[in-house]
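1. Here is a sequence together with a model predicted from it:
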Amino acid sequence: MVDTNSPDIIYTKVDEAPELASASLLPIIQRFAASADITVGTKDISLAGRILATFPENLTEDQRISDDLAELGNLVKTPGANVIKLPNISASVPQLVAAIEELQSQGYALPDYPEDPATDAEKTIRARYDSIKGSAVNPVLREGNSDRRSARAVKNYAQKNPHSMGKWESTSKTKVSSMSDGDFYANEVSATITDAQAGNAKIEFVAKDGSITVLKDGWALEPGTIADATFMSVKALDAFLSDAIQDTKSDGTMFSLHLKATMMKVSDPIIFGHAVKAWLAPVFEKFGAELDAAGVNPNSGMGDLLERVRDNAAIMAEIDALTAVRPAMYMVDSDKGITNLHVPSDVIIDASMPAVIRAGGKGWDAAGKKGDTNCVIPDRCYATVYDEAINFFKANGALDVATAGSVANVGLMAQKAEEYGSHPTTFEAAADGVIRIVLANGETLHSHNVNAGDIWRACTAKKAPIENWIELALDRQRLTGSESIFWLDANRAHDAELIKYVKPALQAAGAADKFQIMAPREATAQSLKTITAGKDSIAITGNVLRDYLTDLFPILELGTSAKMLSIVKLMNGGGLFETGAGGSAPKHVQQLMEENHLRWDSMGEFCALGESLNFLAEARKNARARVLGQAAEAATQGILDNNRSPSRKVGEPDNRDSHYWFARYWAEALATQTEDTGLAQEFAPVAKALAENEAKITSELAAVQGHPADTGGYYNADAAKLAAVMRPSSTLNDIIG
Ligand SMILES: NC(=O)C1=CN([C@@H]2O[C@H](COP(=O)(O)OP(=O)(O)OC[C@H]3O[C@@H](n4cnc5c(N)ncnc54)[C@H](OP(=O)(O)O)[C@@H]3O)[C@@H](O)[C@H]2O)C=CC1
Ligand SMILES: O=C(O)CCC(=O)C(=O)O
Ligand SMILES: [Mg+2]
């Protein structure tokens, strides 16, 4: 059913660079859509918005905002959903704390984030804040599986205008290091829930004395759900990390840790904390009590630790002495002294590993010097992808962007499939004992002996999403005829259960010969071989590889994942159009604030807009949406053909210029189409005015660059200030109206 009061299209309000871009682009979209009687509304899923919506009782009447994420979560389950979803912050604790502080300074009486909740009231506040932490938006909105690929025009453009690629030497010492035992990969068990086993399960901790603590109750497991459990032994992890640091030292490379602390929000910050402790082991041994007293939590990173101990000369001296003998450290920002271990949200494996690989296996050390790096990825479930890619490029040299084919992705993610660690079924064992899943019928499904501190996680993938994912793979294979590979490891418990779904479904569709099933390492080698030969491949993967591969391949093939088409066909009939496959690019905000240049590329938004309008045309038989959508596609092509994407450097055209060009090409396409004369007549003068005022508009846009910009807030910008920064051309604004 279509809710006639709801806007035709929802455009999400997010954070950081994409939100800055929206301040310029959205008014253009709304103006063009209005001419076709199409409404484009917004819903606030920003970190600041989600914080405010969580604590209404702390706010004044007019400070309160609606819980837009919850509303959107309901909308995406309806056939009428048509949502353009921009990337939002998945906050680490330091980011969450910074956002709370900013909002407090703006007059919102929010409670502090309780670092060490003692009272019940504090525990409640902490739990409410923790629900906002990490990847808290995507799993709610993704009521469908994902279809991510580069649009043909975008791929053609990249081949004709290859981006720079680092050179790969066969002698490169860059490598991936992973645990050999005791990791999630080693300990995984998995089963598919039968009718007799379905119902509300429990996760329990059984202590050595037999006492039972219920970690999670009422965990609904439906028949056909694949449910797994596994754990990482922290004893094995600590030994591995300590060896990896020594090994890096003997190799003479840089130490770098690659995790996904935002999506795997429970497990990975803990692993990150172990790495901080391993790196600073002698400091923790000597000054454990002082560090405790200073409130140091290694999971928050070295940045927070240094902040807390900077006035303690003895500790600082110990850290300095240690740094002198440690191997070089891979830096996030050498100029600013931001190390790999500073903040858990700074090194996000899906973006960080492709960056190393694209650079020819290079990272940057504290002195800003390029060098080979030991890429430490403790768990082996997916580390093999990067290991194999590195081996491949060492043997074959860097990918030739001008001739390489493309790897598209069909990703299983609907209904929180494979949401490892980003859901309330991941636990740090409080003591030695057993963690087990007890089913509704009393049967124990999985059980692990754990030691204190071990990281135990359970996760599910439901039947309907799995079947839908296989259907989507069949569709994409049929439409493209491309090589199609299910990236599943028959030796891994979870994947083995998935294979039990995949094989019969392919047989039933008469398509078994069109698909291969390969473990991630073999699939990586095969796909790289295929694209090196100029052909295309479809990677059909679970949720984590969906995330990793849709940065890895686009960053190699297109130079960025920002230009990806990212379609989520919602299972109940609606459409969710994600913009690009990358993140909210904090670096870009910094550049805007310092020199008023925004290098964010809105190609992802342009592609998503075209798809969303075309979907509206189909779903609601809206002819004008089709005209608008086709014209938006022509405008996107215009941006590519004429090189109108933003430049990275101040003083050159930026994001705002690209929006001017998008509006102009869009208006021109509308003015010259013949399907809808009303729209053609309306846009002819707009197109003319935009063309005639080109010099004036571009000089008005150029004039503001080179000075600091003030948007009134990092997490919660002031709308008027933001509009002033992002819409500085009064000539353009007048034409847009
Ligand atoms: N769908 C979502 O909601 C997603 C959210 N995130 C969140 O985003 C935040 C930052 O994540 P991070 O991993 O650093 O990833 P980002 O994608 O934000 O940053 C990595 C780099 O990618 C490039 N980049 C990304 N998007 C664009 C764009 N549109 N135009 C030009 N360049 C772009 C930039 O590189 P350069 O400037 O060097 O070219 C950028 O510095 C985190 O909070 C993370 O959780 C991350 C991924 C997806
Ligand atoms: O939800 C997140 O935190 C990140 C999602 C992401 O990186 C992706 O979907 O590609
Ligand atoms: Mg990603």
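-> Ah, there it is. Ligands and ions are numbered 1, 2, ... in the order given.

2. ok, so what distance separates the residue nearest the centre of the chain from ligand 1?
-> Centroid-nearest residue in the chain: G583, 5.4 Å away (criterion: Cα atoms, centre = their mean). As defined by Cβ to the nearest ligand atom, to the nearest Å, G583 lies at a distance of 2 Å from ligand 1. Yep, even glycine has a C-beta here, placed from its N, CA and C like the rest.

3. Model confidence for that residue, exactly?
-> The per-residue pLDDT reported for G583 equals 94.

4. Then S6?
-> S6 is given a pLDDT of 87.

5. and it, helix, strand or coil?
-> Following DSSP: H, G, I helix; E, B strand; the rest coil, we place S6 in the coil state.

6. buried ones in stretch 324-342?
-> 326-332, 334, 338-342 (16 or more other Cβ atoms under 10 Å).

7. Please apply the same query to stretch 633-652.
-> Of the residues in stretch 633-652, those buried (16+ other Cβ under 10 Å) are 633-640, 644-647, 650.

8. Helix or strand: which one has the closest residue in space to N622 that isn't next to it in sequence?
-> Excluding the flanking residues, the one nearest N622 by Cβ to Cβ, 6 or more residues apart in numbering is L616, at 5.4 Å. Following DSSP states H and E, one finds L616 within helix 603-620.

9. before we move on, back to that, for the buried residues of stretch 324-342, name the two members farthest from one another.
-> The distance between the two most remote of the buried residues of stretch 324-342 (Cβ to Cβ) is 17.7 Å, for P327 and I338.

10. Can you report how many residues lie near the residue in the stretch 401-550 of the chain positioned nearest to ligand 2?
-> As assessed by Cβ to the nearest ligand atom, ligand 2 sits closest to D547 within the stretch 401-550 of the chain, at 4.4 Å. For D547, the count of nearby residues is 26 (other Cβ atoms under 10 Å).

11. So which residues on the chain come close to ligand 1?
-> 87-90, 138, 262, 345, 348, 351, 560, 562, 580, 582-587, 600-601, 604 (Cβ under 6 Å from any ligand atom).

12. roughly how far out does stretch 18-29 sit from the chain middle?
-> 20 Å (Cα atoms, centre = their mean, to the nearest Å).

13. Quick one: residues in contact with it.
-> Here stretch 18-29 makes contact (Cβ atoms under 8 Å, 6 or more residues apart in numbering) with 11, 13-14, 40, 42, 46, 86-87, 579, 584-585, 588-589, 592, 598, 600, 602, 605, 609, 655-656, 659, 662-663, 666, 711, 717, 722-723, 725-727, 736.

14. one more time with 6 Å, if that's ok
-> 11, 40, 86-87, 584, 598, 600, 602, 655-656, 659, 663, 722-723, 726-727, 736 (Cβ atoms under 6 Å, 6 or more residues apart in numbering).

15. ok, now stretch 598-618?
-> With Cβ under 6 Å, 6+ apart, stretch 598-618 has contacts from 8-9, 17, 20-21, 25, 82, 84, 151, 562-563, 565, 575, 577, 579-580, 588, 592, 622, 625-626, 628-629, 632-633, 636, 645-646, 648, 654-655.

16. one step back: which of the contacts of stretch 18-29 are buried?
-> 11, 40, 86-87, 584, 598, 600, 602, 655-656, 659, 663, 722-723, 726-727, 736.

17. Could you restrict these to the ones contacting ligand 2?
-> Counting by Cβ under 6 Å from any ligand atom, no member of the buried ones among the contacts of stretch 18-29 is near ligand 2.

18. Out of those residues, list just those in helices.
-> Of the buried ones among the contacts of stretch 18-29, the ones assigned to helices by DSSP state H are 655-656, 659, 663, 722-723, 726, 736.

19. Which of the residues you listed lies at the shortest distance from Q705?
-> Scanning those for proximity to Q705, where the rule is Cβ to Cβ, the winner is R656, at 9.5 Å.

20. separation between Q673 and ligand 3?
-> Going from Q673 to ligand 3 by Cβ to the ion, to the nearest Å gives 36 Å.

21. so how many other residues sit close to that residue?
-> 17.

22. Could you do the one 4 residues further on as well?
-> Other residues within reach of T677, judged by other Cβ under 10 Å, total 9.

23. Enumerate every residue touching it.
-> By Cβ under 6 Å, 6+ apart, T677 has no neighbours at all.

24. mind checking how far the residue nearest to N622 is from I319?
-> Counting by Cβ to Cβ, to the nearest Å, the gap from L616 to I319 is 57 Å.

25. and what of E143?
-> From E143 to I319 the distance is 47 Å (Cβ to Cβ).

26. could you pull out the strands for the stretch 151-300 of the chain?
-> In the stretch 151-300 of the chain, the segments counted as strands under DSSP state E, counting those that start in this stretch are 175-177, 189-192, 199-207, 212-221, 226-232, 254-257.

27. deepest of those, which one?
-> For these, the largest average neighbour count (mean count of other Cβ atoms under 10 Å) is found in strand 254-257, namely a mean of 27.

28. what's the nearest residue to D183 if we skip its chain neighbours?
-> Closest to D183 by Cβ to Cβ, 6+ apart is D379, at 4.6 Å.

29. close enough to count as contact, that neighbour and F184?
-> Yes: the pair D379 and F184 qualifies as a contact (Cβ atoms under 6 Å) at a distance of 4.7 Å.

30. ok, the two, which is more surrounded?
-> F184 (27 against 23).

31. Now do the contacts for that one.
-> Taking Cβ under 6 Å, 6+ apart as the test, what F184 contacts is 230, 232, 379, 381.

32. Tell me which residues are up against stretch 503-510.
-> By Cβ under 6 Å, 6+ apart, stretch 503-510 touches 470, 474, 512, 515.

33. And for stretch 556-568?
-> Contacts for stretch 556-568 (Cβ under 6 Å, 6+ apart): 142, 144, 146-151, 154, 158, 163, 358, 399, 404, 406, 551, 554-555, 576, 578, 580-582, 601, 603-604, 607.

34. In the stretch 301-450 of the chain, where is pLDDT below threshold?
-> Within the stretch 301-450 of the chain, the ranges that satisfy pLDDT under 70 run 423.

35. Ligand 3 contacts on that one?
-> For the stretch 301-450 of the chain, the residues in contact with ligand 3 (Cβ under 5 Å from the ion) are D350.

36. The closest residue to ligand 3 within the stretch 301-450 of the chain is in what secondary structure piece?
-> Across the stretch 301-450 of the chain, the shortest distance to ligand 3 (Cβ to the ion) belongs to D350, at 4.1 Å. Secondary structure assignment for D350, by DSSP H and E: helix 349-358.

37. and what of I697?
-> Applying DSSP H and E, one finds I697 within helix 694-703.

38. how many neighbours does the closest residue to G224 other than its chain neighbours have?
-> Closest residue to G224 apart from its sequence neighbours, by Cβ to Cβ, 6+ apart: K463 at 3.0 Å. The number of residues packed near K463 is 16, by other Cβ under 10 Å.

39. is it true that K463 touches A227?
-> No: in this structure, K463 is not within contact of A227 by Cβ under 6 Å, at 11.4 Å.

40. which residues does A351 contact?
-> D551.

41. Any residues of this structure in contact with ligand 3? List them.
-> 350, 547.

42. about what we covered before: more neighbours, E143 and I319?
-> Neighbour count, other Cβ under 10 Å: between E143 and I319, E143 has more, with 25 against 21.

43. Just the pLDDT for the closest residue in space to that one that isn't next to it in sequence.
-> Distance criterion Cβ to Cβ, 6+ apart; nearest residue to E143, sequence neighbours excluded, is V76 at 4.5 Å. On pLDDT, V76 comes in at 98.
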